[in-house]
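Participant: structural data only, the sequence is not supplied:
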């Protein structure tokens, strides 16, 4: 009965779907069941369901669609709809009718655990009922299934095995999206990979006996490890910038680049999540995944293809080559900080914890393009602003000081991921007026003003973009198992040493730029020179130095 309702409603609201960039692709014309596992949790409510709504509102999901939430909470389908409604109402500027139509597709299946075979069997039967109906009423014989794991990694294996045994699609693809963390170190990462793989292999044998036409399983082609930073517009833009502009390739090498800095800053602390954060720290939480993955895309060599069916694996091959050229991080290449009052979080049980909330890490890529160029990762909580950016500082212009009799600031290419998506090059121009001294300004593109007016829709959020990539079978923006292992090989030794030796972080005040010692450490390790006279142009005329 629930399947009948969802099918009828879905067809009524989307009978005349407008043309989109995916309208020509086969999957959009087929049936789709989306299963959000951990549906009553924060991640599902705040990210997964709102992103699905965005895709629904933009007509980027199939007409024949049903969405199921699965969790251990003893609630009804209507309870789930009311739980997620407040978060959906914050999504874009959507009519209430669109939200209501979307919620009409959302149903719920509870289970005693994530590996509860009986409950998964029940859900599987409901999905089969939906798939049979769209074939009988609409002649659609192909139907796909997407499983979103919004659950902790310790229940990945039992969930995967239950799905393998009961819920694989016999009429199309079955794809699985898995959220981080992907372990705490190399060993735990390998354990997670082995457990999921083992669950898949064990249950595939059982599935083949009963579904001889299946041919689908959760191997690397159907397993999508999501890192939402790889879905951000500026990160997605990297390959076009790097390999679509002749000037870009000529300046991105050790002959012209002084250093590369990747920065993540947020103005709040753990705020009640300290119990979780204290197990991981800022290096595991941000640097080892978000910033490292972004750096790989920024610094990799050009693949043979950047679009098309073979492009995804070629791109991921190049990312792995970057990681293979990096040595494991040592303690002398790490600076740690912790904000004052960190231990006041009531969820932190170890009141003497050395868990870093701020860290700077220096790495090198030992290949011909980047040998000797310092790569600086900087991340922190409870800082003075919200910001994520990539910054490439170039070397001094030859003989510039002799030519102008003053210090000439270095050029910088800055790519801002958040809060305002912007690309700008800090360039030297003549000071306005009678002076001929160089002054630094910027050549810039701001996405919100350059490509969108006040009424237009903004860029899609990262989760919406990545979920759509999964449906399209595009895996370039997801982390492959060999990438994951190599990333942990780079960071695990120093993380273990920090834990083993109880290395104490430097304290810093909340709302500051971080520990006062950090700037000197970065300068010494990278050769980065800060131009204190420069002021970012935000629409107001401003200048620190006099004309």
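Facilitator: Received, thanks. Because the structure is predicted, anything quoted here is derived from the model rather than measured.

Participant: among the helices and strands of this protein, which has the poorest mean pLDDT?
Facilitator: helix 2-13 (a mean of 38; mean pLDDT, DSSP states H and E).

Participant: got a list of what the nearest residue to residue 292 once chain neighbours are set aside touches?
Facilitator: Spatial nearest neighbour of residue 292, chain neighbours left out: residue 487 (5.7 Å); criterion: C-beta to C-beta, 6 or more residues apart in numbering. Bear in mind the C-beta positions are built from the backbone N, C-alpha and C, glycine included. For residue 487, the contact set (C-beta atoms under 8 Å, 6 or more residues apart in numbering) comprises 288-289, 292-293, 323.

Participant: mind running it again at 7 Å?
Facilitator: Residue 487 sits next to 288, 292, 323 when contact means C-beta atoms under 7 Å, 6 or more residues apart in numbering.

Participant: and for residue 72?
Facilitator: 110-113.

Participant: partners of whichever helix or strand comes after the least confident helix or strand of the chain in the sheet?
Facilitator: Once helix 2-13 ends, the next helix or strand along the chain (criterion: DSSP states H and E) is strand 31-37. Sheet partners assigned to strand 31-37 using DSSP bridges are listed as strand 65-71 (parallel), strand 143-149 (parallel).

Participant: any chance of the ones you listed in TSV, with mean neighbour count, distance to residue 178 and mean pLDDT too?
Facilitator: Output for the strands paired with strand 31-37, formatted as TSV (neighbours: other C-beta atoms under 10 Å; distance: least, C-beta to C-beta, whole Å; pLDDT from 0 to 100):
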stretch	mean neighbour count	distance to residue 178	mean pLDDT
strand 65-71	26	15	96
strand 143-149	25	5	96
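
Participant: and those strands: which comes nearest residue 381?
Facilitator: For the strands paired with strand 31-37, the distance to residue 381 is smallest for strand 143-149, at 25.8 Å, taking C-beta to C-beta.

Participant: just the residues contacting the closest one, thanks.
Facilitator: Counting by C-beta under 7 Å, 6+ apart, 27, 30-37, 48, 127, 131, 134, 156, 159, 163, 167, 169, 171-179, 470-471 sit against strand 143-149.

Participant: next secondary structure after it?
Facilitator: Using DSSP H and E, the helix or strand that follows strand 143-149 in sequence is helix 156-166.

Participant: mean confidence for the following helix or strand past that following helix?
Facilitator: Using DSSP H and E, the helix or strand that directly follows helix 156-166 along the chain is strand 174-179. When pLDDT is averaged over strand 174-179, the result is 90.

Participant: distance of the nearest residue to residue 85 once chain neighbours are set aside from residue 150?
Facilitator: Spatial nearest neighbour of residue 85, excluding adjacent residues (C-beta to C-beta, 6+ apart): residue 103 at 6.7 Å. Distance from residue 103 to residue 150, counting by C-beta to C-beta, to the nearest Å: 18 Å.

Participant: okay, these two: which has more neighbours?
Facilitator: A count of neighbours by other C-beta atoms under 10 Å puts residue 150 above the other of residue 103 and residue 150, at 24 against 20.

Participant: which residues touch the residue lying closest to the more buried one once chain neighbours are set aside?
Facilitator: Leaving aside its chain neighbours, residue 150 sits nearest to residue 38 (3.8 Å; criterion: C-beta to C-beta, 6+ apart). Contacts for residue 38 were tallied using C-beta under 7 Å, 6+ apart; they are 44, 71, 150-151.

Participant: tell me the pLDDT of residue 38.
Facilitator: As predicted, residue 38 sits at a pLDDT of 94.

Participant: could you do the one 5 residues further on as well?
Facilitator: Note on residue 43: pLDDT of 91.

Participant: what does the helix or strand harbouring it contact?
Facilitator: Using DSSP H and E, residue 43 falls within helix 42-43. Around helix 42-43, the neighbours that count as contacts under C-beta under 7 Å, 6+ apart are 150, 179.

Participant: could you point out which element follows that helix?
Facilitator: Using DSSP H and E, the next helix or strand after helix 42-43 towards the C-terminus is helix 49-57.

Participant: in that following helix, which residues are buried?
Facilitator: Across helix 49-57, burial judged by 16 or more other C-beta atoms under 10 Å covers 49-57.

Participant: what is the mean pLDDT for that helix?
Facilitator: Here helix 49-57 scores 95 as its mean pLDDT.

Participant: do the same with stretch 504-513
Facilitator: Average pLDDT, stretch 504-513: 96.

Participant: now stretch 100-108
Facilitator: 96.

Participant: picking up where we left off before, in helices only, show me the contacts of residue 487.
Facilitator: 292, 323 (DSSP state H).

Participant: out of the contacts of residue 487, who's the most crowded?
Facilitator: With neighbours taken as other C-beta under 10 Å, the top of those is residue 288, carrying 30 neighbours.

Participant: contacting residues for it?
Facilitator: Applying C-beta under 7 Å, 6+ apart, we find residue 288 in contact with 487, 491.

Participant: tell me how far it lies from residue 125.
Facilitator: From residue 288 to residue 125 the distance is 41 Å (C-beta to C-beta).

Participant: next one: residue 419
Facilitator: 46 Å.

Participant: between the two, tell me which one has more neighbours.
Facilitator: Ranked by neighbour count (other C-beta under 10 Å), residue 419 and residue 125 place residue 125 first, with 13 against 10.

Participant: please, which helix or strand holds that one?
Facilitator: Taking DSSP H and E as the criterion, residue 125 maps to helix 117-138.

Participant: how about residues contacting that helix?
Facilitator: For helix 117-138, the surrounding residues in contact (C-beta under 7 Å, 6+ apart) are 2-4, 6-7, 31, 33, 64, 66, 68, 70, 109-112, 140-141, 143, 145, 162-163, 165-167, 171.

Participant: please, a ChimeraX command that selects the buried ones among the residues you listed?
Facilitator: Buried subset of these, written as a ChimeraX selection, criterion 16+ other C-beta under 10 Å:
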select :3,6,7,31,33,64,66,68,70,109,110,111,140,143,145,162,163,165,166,167,171
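
Participant: give me the three-state assignment for residue 248.
Facilitator: Under DSSP: H, G, I helix; E, B strand; the rest coil, the three-state class of residue 248 is helix.

Participant: pretty sure it contacts residue 238?
Facilitator: No - counting by C-beta atoms under 7 Å, residue 248 does not reach residue 238; the two are 10.0 Å apart.

Participant: re the thing from before, among the contacts of residue 487, which one sits closest to residue 395?
Facilitator: Of all these, residue 292 has the smallest distance to residue 395: 24.6 Å, by C-beta to C-beta.

Participant: report the distance from stretch 373-388 to the chain centre.
Facilitator: Relative to its chain's centre, stretch 373-388 lies at 16 Å (C-alpha atoms, centre = their mean, to the nearest Å).

Participant: do stretch 155-163 as well
Facilitator: That offset, for stretch 155-163, works out to 23 Å (C-alpha atoms, centre = their mean).

Participant: and residue 195, what pLDDT?
Facilitator: For residue 195, the predicted pLDDT is 65.
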